[in-house]
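Trainee: Pasted the sequence and its predicted model underneath.
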Amino acid sequence: MIPQKNLIVVTSAPHVHSPDNVPTAMRDVLIALTPALLAALYFFRLPALLVILACVISAYAAEIVCLKIMKRESPTRESSAIITGLLLAFCLPPSLPLWMAVLGTIFAIVVAKHLFGGLGQNIFNPALIGRAFLLASFPVAMTNWTNPLDGLSTASPLGIMKEAGGEILPPLRDIFLGSVSGSIGETSALALLLGGAYLLYRRQIDWRIPGTFLGTVFLLTAMIGGIKGEGLWYPVYHLCAGGLLLGAFFMATDWVTSPVTKLGRILFGIGCGLLVVLIRLKGGYPEGVAYSILLMNVVTPLLDRYTKSRVFGRVKSHA
């Protein structure tokens with residue numbers, strides 16, 4: 001009898017092979033997040049730093065505790081936990097009480113990640129689950145935005161657009177640079193574009209997901225803006241404001257929770273874009289990036305199943 005450990009399991013496509021290992025990939029993600037981190041610290045200063053530290057430290061601690069309880073070892077536990085904590089912090093307002101940030105991080109690590117089996121087994125993006133949990137549990141605190149210029153509470157650009165239209169919106173330049181109210185890591189479109197470009201250059205993400213995601217949002221909002229009589233500023237504002245760029249480059253492209261086939265990734269990005277526009281324009285909440293990605297995470301297995309090729313050859317018919 002052949003020993004079980006020597007068995008070779010052969011499966012049909014898709015197969016993913018890369019010269020980069022997991023630690024290298026996670027290092028690249030941390031490098032890509034650095035511009036947004038620096039922008040957050042520049043605009044929101046100490047409050048942002050405290051929330052970021054609370055999320056990262058609690059994510060690392062929760063990761064260690066879960067691995068100890070399950071008696072597992074993971075060579076990538078440090079970088080995996082840090083990325084989850086950092087991404088969750090980027091989705092939170094700088095004024096959020098630290099105990100809420102810690103609670104959301106623990107929920108993300110324990111429930112969204114380890115209850116599903118740990119790294120590589122989760123079906124939802126843990127950071128987005130943590131954000132959704134906090135938004136459902138503490139909606140007032142999660143929508144208390146701070147203006148980086150004066151420290152006063154104010155509405156986010158998307159909230160202003162939804163309630164008042166485009167007459168009193170912050171200048172697009174401020175949206176691009178990050179000098180507006182919003183979540184810690186979402187306000188600087190420039191920083192997020194730099195990080196996304198780095199991931200694309202390093203081939204850590206596939207252009208199909210962010211490309212179709214952002215392209216769908218742009219095309220739909222351009223058509224809707226045209227019907228409303230708005231100019232080109234309308235779709236550009238939708239691209240730069242809120243968490244769209246953070247979600248498109250860093251959340252929707254998560255290797256575990258996104259499709260592996262090319263067509264599946266295209267459909268995934270289009271679905272995310274459609275849901276974002278629907279929630280932003282018709283939903284009760286002005287932002288829909290997190291929920292759109294989580295909803296598409298649910299259909300990722302179906303996209304992989306029905307878009308992969310299983311053709312090995314064909315049988316010729318004999319006349």
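Mentor: Good, I have the coordinates.

Trainee: drop to CA atoms for contacts and neighbour counts, all remaining ones
Mentor: Noted.

Trainee: And residue 226, how far from residue 275?
Mentor: In this view, residue 226 and residue 275 are 20 Å apart by CA to CA, to the nearest Å.

Trainee: pLDDT value on residue 169, please?
Mentor: Looking at residue 169, its pLDDT is 78.

Trainee: Doesn't it belong to a helix?
Mentor: No: per DSSP: H, G, I helix; E, B strand; the rest coil, residue 169 lies outside any helix segment and is coil.

Trainee: Extract the residue ranges of this structure that are flagged as low pLDDT.
Mentor: Where the chain drops to pLDDT under 70, the residues are 1-20, 74-78, 147-155, 160, 162-167, 309-319.

Trainee: at 50 instead, please
Mentor: In the prediction, the chain carries residues with pLDDT under 50 at positions 1-17, 19, 151-152, 319.

Trainee: show me where it has helices.
Mentor: Counting by DSSP state H, the chain has helices at residues 22-69, 77-90, 98-107, 126-137, 139-142, 157-164, 172-177, 189-201, 208-228, 233-240, 244-246, 262-282, 289-307.

Trainee: Mean neighbour count, those: which tops it?
Mentor: When the helices of the chain are scored by mean count of other CA atoms under 10 Å, the highest mean neighbour count falls to helix 244-246 (a mean of 27).

Trainee: Pull the residues that contact that one.
Mentor: Residues from elsewhere that reach helix 244-246, judged by CA atoms under 8 Å, 6 or more residues apart in numbering: 185, 186, 189, 192, 193, 214, 238, 239, 289.

Trainee: Okay, the closest residue to the first one other than its chain neighbours and residue 138: tell me how far apart.
Mentor: Right, residue 185. Once its chain neighbours are removed from consideration, residue 185 has its nearest residue in residue 90; the separation is 3.9 Å (CA to CA, 6 or more residues apart in numbering). Taking CA to CA as the criterion, residue 90 is separated from residue 138 by 17 Å.

Trainee: Residue 199 too?
Mentor: When CA to CA is applied, the distance between residue 199 and residue 138 equals 33 Å.

Trainee: re the thing from before, let me know the closest of the contacts of helix 244-246 to residue 130.
Mentor: Nearest to residue 130 out of the contacts of helix 244-246 is residue 289 (CA to CA; 13.8 Å).

Trainee: Just give the closest residue to the closest one, not the sequence neighbours.
Mentor: Take residue 289 and drop its neighbours on the chain: the residue closest to it by CA to CA, 6+ apart is residue 276, 5.5 Å away.

Trainee: give the contact list for the one you found.
Mentor: Contacts here follow CA under 8 Å, 6+ apart; on that basis residue 276 touches 217, 287, 288, 289, 292.

Trainee: which of the residues you listed lies closest to residue 94?
Mentor: Distances from residue 94 to the contacts of residue 276, taken as CA to CA, are shortest for residue 287 (17.1 Å).

Trainee: got the phi/psi numbers for that closest one?
Mentor: Backbone torsions of residue 287, given as degrees, to the nearest 10, read phi -120, psi 140.

Trainee: Can you tell me the closest non-neighbouring residue to it?
Mentor: Leaving out its chain neighbours, the residue that sits closest to residue 287 by CA to CA, 6+ apart is residue 280, at 5.3 Å.

Trainee: I figured that neighbour hits residue 286, correct?
Mentor: Yes: because the distance of 4.8 Å satisfies CA atoms under 8 Å, residue 280 is recorded as touching residue 286.

Trainee: now the spatially most central residue of the chain, nearest residue through space, not along the chain?
Mentor: Nearest to the centroid of the C-alpha atoms of the chain, with distances taken as CA atoms, centre = their mean, sits residue 251, at 2.1 Å. Leaving aside its sequence neighbours, residue 251 sits nearest to residue 125 (CA to CA, 6+ apart; 7.0 Å).

Trainee: and that neighbour, how many residues sit next to it?
Mentor: Neighbours of residue 125 under the rule other CA atoms under 10 Å: 24.

Trainee: residues in contact with it?
Mentor: With contacts taken as CA under 8 Å, 6+ apart, residue 125 has the following neighbours: 112, 251, 254, 257, 294, 297.

Trainee: and the fourth one, how many neighbours?
Mentor: In this case it means residue 257. Residues lying near residue 257 (other CA under 10 Å) number 24.

Trainee: how much space between it and residue 41?
Mentor: According to CA to CA, residue 257 stands 29 Å off from residue 41.

Trainee: do the same with the last one
Mentor: For residue 297, the distance to residue 41 under the criterion CA to CA works out to 31 Å.

Trainee: do the second one as well
Mentor: Going from residue 251 to residue 41 by CA to CA gives 21 Å.

Trainee: For residue 186, give me its contacts.
Mentor: Contacts for residue 186 were tallied using CA under 8 Å, 6+ apart; they are 36, 90, 91, 178, 192, 241, 242, 243, 245, 246.

Trainee: Please dump those residues into a markdown table; it should also carry distance to residue 71 for every row.
Mentor: Putting the contacts of residue 186 into a markdown table (distance: CA to CA, whole Å) gives the following:
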| residue | distance to residue 71 |
| --- | --- |
| 36 | 35 |
| 90 | 31 |
| 91 | 31 |
| 178 | 43 |
| 192 | 37 |
| 241 | 43 |
| 242 | 40 |
| 243 | 36 |
| 245 | 37 |
| 246 | 34 |
